[in-house]
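Engineer: give me the fold of what follows.
(chains A and B)
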Protein chains: 2
Amino acid sequence: MTLSGVTTLLFDTYGTVVDWRTTVADEGRRLAREKNLAAIDWDAFADAWRAGYQPAMNSIRAGERAWTTNDSLQRQRLDEIVTEFGVSGLSESDKDDFNRVWHRLRPWPDSVAGLLRLKSKFTIGTLSNGSFYLLANMAKHSGLPWDCIISADNFHHFKPDAEVYLGAVELFGGDAGRIMLVAAHNYDLGAARGYGLRTAFITRPSEYGPEQKNDLKADSDWDIITDSIGGVADALGA
Amino acid sequence: MTLSGVTTLLFDTYGTVVDWRTTVADEGRRLAREKNLAAIDWDAFADAWRAGYQPAMNSIRAGERAWTTNDSLQRQRLDEIVTEFGVSGLSESDKDDFNRVWHRLRPWPDSVAGLLRLKSKFTIGTLSNGSFYLLANMAKHSGLPWDCIISADNFHHFKPDAEVYLGAVELFGGDAGRIMLVAAHNYDLGAARGYGLRTAFITRPSEYGPEQKNDLKADSDWDIITDSIGGVADALGA
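Structural biologist: Predicted structure coming up:
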């Protein structure tokens, strides 16, 4: 294994760099206090919100619906789960604002320091299914020091569609072996490796809460296997 | 004029943020010393290199040739002008390396400080005909603190094609009035204004050298008219 040719690190974001579940649940609890909403399980609410994501992307992949940004999909999903969880008392404007919690996701404790180390040696960016605008706002809000943002929006395709990985390779001049995908999800790394990218796996065992079942460990011999972004920096000598 | 809704500043780069002419000519002179090349006018060489750019883009716009990145167009142009100027003694590898001078363009003296001021209040990025990879490398080399990079490569269209401006607006959520284009070229701002973006003009009277004829002043009532990136920051209270 030689990683000496790697010049660019692209990161999955939700779960890999930011802790969506805790951020969303905390903001739900804050909103509930402010608006005197009836008590619900905001961790379950966050899980349900996130769970709407794969089916919505699949319907776009299958051609059943036109390209729609993840930001819009999350807003539509919010309408559904507000009903499912019996949350009443939120105006359309309240829901628009709550939807933007996905623009304000908080980094894991190791993320910003690890990214700053890597930025000193590599070009670092996102390769995320999140909307471009959402990722730009999140970076500003949470101090994520990206050199560039690459999103599903750039290709009108969501990961793991080939267009996203191959599109990123094209943007960086065509040599897949110079790019490493960093992700907390084995499926994402499997796709990336299939298109010639280098791979780094970070275990995030509480991304989906205490009952998380998937991605508790690497299921392949990824180029780097670690438990923090600092661990990626260690492995790459950054 | 109210600019209070602007959240994102996108910058033309060649000429607006970086001084391509001096960087290219200086690197030509350095190369000539290293390789003992015959004496030529490296300022004129830089001008000739740059002058190949519009015709090449026009042939792509006209559908006479397939999409090609600016990086490739500049490399092809280099072969032509090496012949035109009678430069001999450069290997293919030398020319590949010289072509990458466009990845190493130096900022104008006010650029980095001005961008850092603006970055504290706005999302800042490129909106450039330069290749994505070239812009990422240039940012790293020259300390340009972009939050994001948007390039002609993202749309397979060069400015002033509508696809570039409208594509950027779409990436930022669809509201053109929240985006300001900053450029040293009136044609670029004219296009941007036509698609609803805000506009800032920076005079760069020596971009094309002491004989520059065009863009010596604003030819319309752009939202901001100034002579440095710091002047844009002043106008926006950043």
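Engineer: in the lowest-mean-pLDDT helix or strand in chain A, what counts as buried?
Structural biologist: Taking mean pLDDT, DSSP states H and E as the measure, the helix or strand of chain A with the lowest value is helix A:53-61, at a mean of 90. Using 16 or more other CB atoms under 10 Å in any protein chain shown as the test for burial, helix A:53-61 gives A:53, A:56-57, A:60. Yep, even glycine has a C-beta here, placed from its N, CA and C like the rest.
Engineer: what helix or strand is A:E163 on?
Structural biologist: When elements are assigned from DSSP states H and E, A:E163 belongs to helix A:162-171.
Engineer: pretty sure A:V6 sits against A:K121.
Structural biologist: No: under the criterion of CB atoms under 8 Å, A:V6 is not in contact with A:K121, lying 9.6 Å apart.
Engineer: average pLDDT for stretch A:100-117?
Structural biologist: Averaged across stretch A:100-117, the pLDDT comes to 98.
Engineer: any part of that stretch near chain B?
Structural biologist: No: judged by CB under 8 Å from any CB of the partner chain, stretch A:100-117 stays clear of chain B, getting no closer than 10.2 Å.
Engineer: now the end-to-end length of that stretch.
Structural biologist: One end of stretch A:100-117 sits 29 Å from the other (CA to CA, to the nearest Å).
Engineer: leaving out chain neighbours, which residue sits closest to the residue of chain A positioned farthest from its centre?
Structural biologist: With distances taken as CA atoms, centre = their mean, the residue sitting farthest from the centre of chain A turns out to be A:N36, at 30.8 Å. In space, A:N36 comes closest to A:G89 once its chain neighbours are excluded; the distance is 7.3 Å by CB to CB, 6 or more residues apart in numbering or on different chains.
Engineer: what sits against that neighbour?
Structural biologist: With contacts defined as CB atoms under 8 Å, 6 or more residues apart in numbering or on different chains, A:G89 is in contact with A:35-37.
Engineer: was I right about A:L73 contacting A:Q54?
Structural biologist: No: A:L73 sits out of contact with A:Q54 when judged by CB under 8 Å, with a separation of 10.4 Å.
Engineer: now A:G114: phi and psi?
Structural biologist: The phi/psi pair for A:G114 (degrees, to the nearest 10) reads phi -70, psi -40.
Engineer: so what's the residue count around it?
Structural biologist: Residues within reach of A:G114, counting by other CB atoms under 10 Å in any protein chain shown, total 25.
Engineer: quick one: residues contacting it.
Structural biologist: A:228-233.
Engineer: just to revisit the earlier point, neighbour-wise, which of A:V6 and A:K121 wins?
Structural biologist: The residue with more neighbours, out of A:V6 and A:K121 and counting by other CB under 10 Å, is A:V6; that gives 18 against 15.
Engineer: tell me which parts of chain A are close to chain B?
Structural biologist: If contact is defined as CB under 8 Å from any CB, the residues of chain A in contact with chain B are A:8, A:71, A:123, A:125, A:131-133, A:136-137, A:139-140, A:146-149, A:151, A:153-154, A:170-173.
Engineer: show me where chain A has its helices.
Structural biologist: Remark: helices assigned in chain A by DSSP state H are A:20-35, A:42-51, A:53-61, A:70-84, A:92-99, A:111-119, A:132-142, A:162-171, A:186-194, A:229-236.
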